[in-house]
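In: Provided below for reference: sequence and predicted model.
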Amino acid sequence: MVPQPATAITQEQSLRRAIPLFDGALATRGYELNAMCFSFNEKANRDAFLADEDAYCARFHLTPEQRKAVAERNVLAMLDAGGNVYYLAKLAGIFGLGVQDLGALQTGMSVDAFKAMLVTWAEKIPHARIPQKENA
Amino acid sequence: MMAKIIGGYFTSHVPGIGGAIMRGDQETPYWKPFFAGFPPIREWLAEARPDVAVVFSNDHGLNFFLDKMPTFAVGAAPSYDNADEGWGLPVYKSFEGHPALSWHLIDSLVRDEFDITTCQKMLVDHAVSIPFELAYPGVESWPLKLIPLAINTVQYPLPSPKRCLALGRAVHRALQSWGGDERILICGTGGLSHQLDGPRAGFMNPDYDMFCLDNLAANPDALTGHTAEQVAELAGTQGVEILNWIAARGAMGDVPLAEVSRNYHIPISNTAAASLLLEPA
Ligand SMILES: [Fe+2]
């Protein structure tokens, strides 16, 4: 049987807003913040951010909403400000934060509780399949 | 001689895998169940000796930014470098490209009415490098050439699962009309279910993953019954990387396939991780 989405909202744009998904509206709102995060692929830029965060954010013309979210290290606010997690992960990397730290920050759990929650998904695996052909 | 599609290799590409390889954590209790999926794949590759890999993956903000975001991009470069992605992975080995076959693919795809973006320069990120670190651990240089195809899984609207399968099938037609004698491996990377962002961070969906794993080989059209948005709801916002698997499955052609190996493990980082190897039956 084909699993169906839980929500009755099927209209694409409503579903994008409901999840929410990174669409044109969010990509427009978050352009400057994501551009700054994209620059963090280069170490010199990561160092420049750490040396003078205000100046670096100003260089990328972060909106006040984006600047506040970054200053407060508030991941959910960064997402609201149009940040995309693939780019935000590079900002998180500057602070030595991984995706489990981000998960904890976004869900209000401790990192240990978040990691423990991830493990519990294994209980929902419907059936353990054995490969049809063993190569070993 | 005719080029031959020898198999399809599918795997998650979670960056944390790169960290585990760097630290040598493959045998630790946390990582062992994931890495256990790869010995059969490595043995099969050693036997099958592919010399070109056609790889469907998505960029994570290394090569493409939001200033220009192609829905489908095809590499046509003589070589492909990896680079610093900003969060501590080593910079991986470069790949040799196959520009002649890339341009043949591009010609054939556009004639087939797929309006792809062509890239004579393209960085490849962990989504390409990690699957080959897993497949060929410790090699000095990659034993095969690369043709990367990037699918936008970042900024909506994304291409639908149906369109991705059709793209893959068009790639298959292109490979069939190529006059070379290459042994071609098709790869799809990413997924399976995971969500990194928002209050639902940490979401997975083993039911949907199993549905994908159970149908990919024999009935890939079953995976095209959802829109990309619905896939995101079912599989998590980054679980839409299954689009790469769907396209890669299409590129294997509508032939009977045998499952050589399959592994599924929860969790690897925030992800329900899987590896799968298919070959023409
Ligand atoms: Fe990914």
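Out: Happy to help now that I have it. Predicted, not measured: the structure shown is a model, and the values here were computed from it. Numbers count the residues shown, from 1 in each chain, chains lettered A, B, ... in the order given.
In: CA atoms for contacts and neighbours, from now on please.
Out: OK.
In: Using the three-state scheme, assign residue B:149.
Out: The assignment at residue B:149 comes out as strand when based on DSSP: H, G, I helix; E, B strand; the rest coil.
In: unless I'm mixing things up, it is touching residue B:75, no?
Out: Yes - counting by CA atoms under 8 Å, residue B:149 touches residue B:75, with 6.3 Å between them.
In: I'd assumed residue A:87 was in contact with residue A:34.
Out: Yes - contact criterion CA under 8 Å: residue A:34 and residue A:87 qualify, at 5.8 Å.
In: Mind checking which of these two has more residues around it?
Out: Higher neighbour count among residue A:34 and residue A:87: residue A:34, with 30 against 25, using other CA atoms under 10 Å in any protein chain shown.
In: all helices for the chain, in order.
Out: Going with chain A. If you assign secondary structure with DSSP state H, the helices in chain A sit at A:12-18, A:24-29, A:31-39, A:43-51, A:53-59, A:64-71, A:75-80, A:85-94, A:99-107, A:111-120.
In: Actually, chain B is the one I wanted.
Out: Under DSSP H, chain B gives helices at B:15-23, B:32-35, B:39-48, B:99-111, B:126-135, B:161-176, B:206-215, B:228-235, B:242-251.
In: Single out the most deeply packed of those.
Out: Comparing these by mean neighbour count (mean count of other CA atoms under 10 Å in any protein chain shown), helix B:242-251 comes out on top with a mean of 30.
In: so what does it touch, helix or strand wise?
Out: Counting contacts by 3 or more CA pairs under 8 Å, 6 or more residues apart in numbering or on different chains; DSSP states H and E, the secondary-structure elements packed against helix B:242-251 are strand B:4-11, strand B:52-57, helix B:161-176, strand B:183-189.
In: Extract the CA atoms of it and return them as CSV.
Out: Output in CSV follows, covering the C-alpha atoms of helix B:242-251 (Å, rounded to 0.1, in the frame of the first residue of the first chain):
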residue,chain,number,x,y,z
ILE,B,242,15.1,10.1,-2.4
LEU,B,243,14.6,12.0,-5.6
ASN,B,244,18.2,11.1,-6.4
TRP,B,245,17.5,7.4,-5.9
ILE,B,246,14.4,7.6,-8.1
ALA,B,247,16.3,9.3,-10.9
ALA,B,248,19.2,6.8,-10.6
ARG,B,249,16.7,3.9,-10.7
GLY,B,250,15.3,5.3,-13.9
ALA,B,251,18.8,5.4,-15.4
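In: Now do the closest residue to residue B:120 other than its chain neighbours, the pLDDT please.
Out: Take residue B:120 and drop its neighbours on the chain: the residue closest to it by CA to CA, 6 or more residues apart in numbering or on different chains is residue B:77, 4.5 Å away. Among the per-residue scores, residue B:77 shows a pLDDT of 98.
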